[in-house]
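>>> Make a model of this:
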Amino acid sequence: MLKRTFFAAILLAGAARADDTQQLLQQLADAHGPSGFEEPVRKIMVERMKPLSDKLSYDGLGSVIAVQGSAGPRIMVDAHMDELGGIVRRVTPEGWLTMQMLGGWLDQALLDQRWTILGSKGPVRAITGIRDIHLVPTEERTKAYPRESVFLDVGAKSAAEVLALGIAPGDPVAPDAPFAVMNNTQNYLGKAWDDRVGCAVLVEVMKRLRGGRHQNQLFYAATVQEEIGLRGAHTSSELVKPEVGIAIEGGVVKDAPGNHPEEAQEVLGAGPAIFLYDSSALPNRKLVELVRQTAADKKIPLQVDLVQGYGDDSAEMQKSNGGVPTINIVVPVRFTHSHNGLINRQDFDQTVALVVALLQRLDADAVLRLRDFSQ
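A predicted model of the protein is given here:
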């Protein structure tokens, strides 16, 4: 009893020390919102963005577009609300569930995990089990099981019991991995940092620029369905018609055992980064230099990265409105596309400061230079 009281006191003390930014990050990370089922995340974003915006609207897929300012260049700042997840595919007569995955999962990340199914009667806890080691032949013990062999267990013994829980094919499935501060460090543990960390950057930037300390029309787009094809960025860009686009994303770090230096260049805790290449987009070179100069002037450390097998919303902004100068600014994340990722608070704060400073530098003349290809 004494031990339980001691740990409860530690948790309460930590909660009391949490500032509004940490609370926002926790709220967003813990919200369930697989691609196409972003409603809980959208509710948070609307509650946070609406008081900070001059106007708030939606695209036809459910992306949120908040505006600050009514004159000047149209600058689109984007982060996506959806996370990796799944959909219930079918229910077996014995009460097992199969799952259609949403987004880029590794098969080995699916086994022996906790999940939440968002059923018609409310959330239902589920697990993806793993074969008992006492039953697995020696030659299979080092193999990864393909996703086709993964089943969700909700504790039911029949399809009727599953139905009684309010679960049916088509219901969304999200990782169950609560937010935590890692052992009194500046590192925050949570799911869905790709891209709830970007959503939090949007809100914090809006706070700082509320009241007009810029010369632009700022369109903050919290988009849907990025993980399954950058869909919300496409539809939002059609409405916004940006002249410059800035994507805010979760990055990919190299400082984890097993990573190769050619695969990623970011380090957790070393500041925000910009992508010089990914599989979906190349940034505008003049905008890259403007970001670099802004970071240097504000004494913000800036990393660069080039990553294969990575796509981001800047690709859709880039292809809209006849061609748009874009860049992808990222908060480094360790262990993306999994139940448990890590971000660093200083990286986050510096990313917010960088985006604010960049938006304050952009004006009609700066945007014209970015879009001038005559020389």
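
>>> isn't residue 48 right up against residue 24?
Yes: Residue 48 is in contact with residue 24 according to CB atoms under 8 Å; the separation is 7.1 Å. Quick note: C-beta positions are derived from backbone N, CA and C, even for glycine.

>>> anything in contact with each of the two?
By CB atoms under 8 Å, 6 or more residues apart in numbering, residue 48 and residue 24 have these common neighbours: residue 203.

>>> The two: which has the busier surroundings?
residue 48 (22 against 19; other CB atoms under 10 Å).

>>> ok, that one - contacts?
So residue 48 contacts 24, 203 (CB under 8 Å, 6+ apart).

>>> Can you tell me the element it falls in?
Using DSSP states H and E, residue 48 maps to helix 39-49.

>>> Now that helix: average pLDDT?
The pLDDT scores in helix 39-49 average 98.

>>> Equivalent analysis for stretch 139-156, please.
Per-residue scores along stretch 139-156 average to 86.

>>> Just give the closest residue to the most centrally placed residue in the chain, not the sequence neighbours.
Geometric centre of the chain, nearest residue: residue 195, 0.8 Å, by CA atoms, centre = their mean. The spatial neighbour of residue 195 that comes closest, neighbours along the chain excluded (CB to CB, 6 or more residues apart in numbering), is residue 80 at 4.7 Å.

>>> That neighbour: neighbouring residues, count only.
Counted with other CB under 10 Å, residues neighbouring residue 80 total 32.

>>> so what's it up against?
195, 198-199, 222-227, 232-233, 313.

>>> Could you measure from it over to residue 54?
Noted for residue 80: a distance of 23 Å to residue 54, by CB to CB, to the nearest Å.

>>> next one: residue 282
Taken as CB to CB, the span from residue 282 to residue 54 is 33 Å.

>>> Point me to the helix or strand that includes residue 215.
Judged by DSSP H and E, residue 215 forms part of no helix or strand.

>>> residues near it, how many?
19.

>>> That one against residue 359, yeah?
No: Residue 215 lies out of contact with residue 359 (CB under 8 Å); the separation is 9.3 Å.

>>> how about low-confidence regions in the stretch 151-300 of the chain?
Within the stretch 151-300 of the chain, no range satisfies pLDDT under 70.

>>> which residue ranges form the strands in it?
Assigned by DSSP state E, counting those that start in this stretch, the strands in the stretch 151-300 of the chain fall at 152-153, 172-175, 180-181, 187-190, 217-223, 244-250, 273-278.

>>> With mean neighbour count added, can I get those strands in CSV?
Converted to CSV, those look like this (neighbours: other CB atoms under 10 Å):
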stretch, mean neighbour count
strand 152-153, 20
strand 172-175, 24
strand 180-181, 16
strand 187-190, 21
strand 217-223, 27
strand 244-250, 28
strand 273-278, 21
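
>>> Now render the ones you listed as CSV, adding distance to residue 286.
As requested, those are exported to CSV (distance: least, CB to CB, whole Å):
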stretch, distance to residue 286
strand 152-153, 49
strand 172-175, 39
strand 180-181, 39
strand 187-190, 34
strand 217-223, 20
strand 244-250, 10
strand 273-278, 13
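
>>> Quick one: closest of those strands to residue 38.
strand 217-223 (8.6 Å; CB to CB).

>>> what angle do that closest one and strand 244-250 make?
40 degrees (axes from the mean of the first three to the mean of the last three CA atoms, to 10 degrees).

>>> residues making contact with strand 217-223?
Taking CB under 8 Å, 6+ apart as the rule, strand 217-223 contacts 41-42, 45, 49, 53, 63-81, 199, 202, 205-206, 209, 231-233, 236, 240, 242, 313, 359.

>>> before we move on, what about stretch 367-375?
73, 75, 243-244, 284, 286-287, 290, 325.

>>> give me that answer again for 6 Å
73, 243-244, 286-287, 325 (CB atoms under 6 Å, 6 or more residues apart in numbering).

>>> Show me which positions of it end up buried.
Neighbour counts over stretch 367-375 (16 or more other CB atoms under 10 Å) mark 367, 370-371 as buried.

>>> quick one: pLDDT of the residue nearest to residue 195?
So residue 80 comes in at 98 (pLDDT).

>>> same check, this time on residue 9
Looking at residue 9, the pLDDT reads 49.

>>> same for the helix or strand where residue 350 lies, what does it pack against?
Assigned by DSSP H and E, residue 350 belongs to helix 345-361. For helix 345-361, the elements it packs on are helix 193-209, helix 285-297, strand 326-331, judged by 3 or more CB pairs under 6 Å, 6 or more residues apart in numbering; DSSP states H and E.

>>> Adjacent strands (with direction) for the last one?
Strand 326-331 has its sheet partners listed here by DSSP bridges as strand 244-250 (parallel), strand 273-278 (antiparallel).

>>> what would those strands look like in TSV with distance to residue 93?
Below are these laid out as TSV (distance: least, CB to CB, whole Å):
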stretch	distance to residue 93
strand 244-250	40
strand 273-278	45
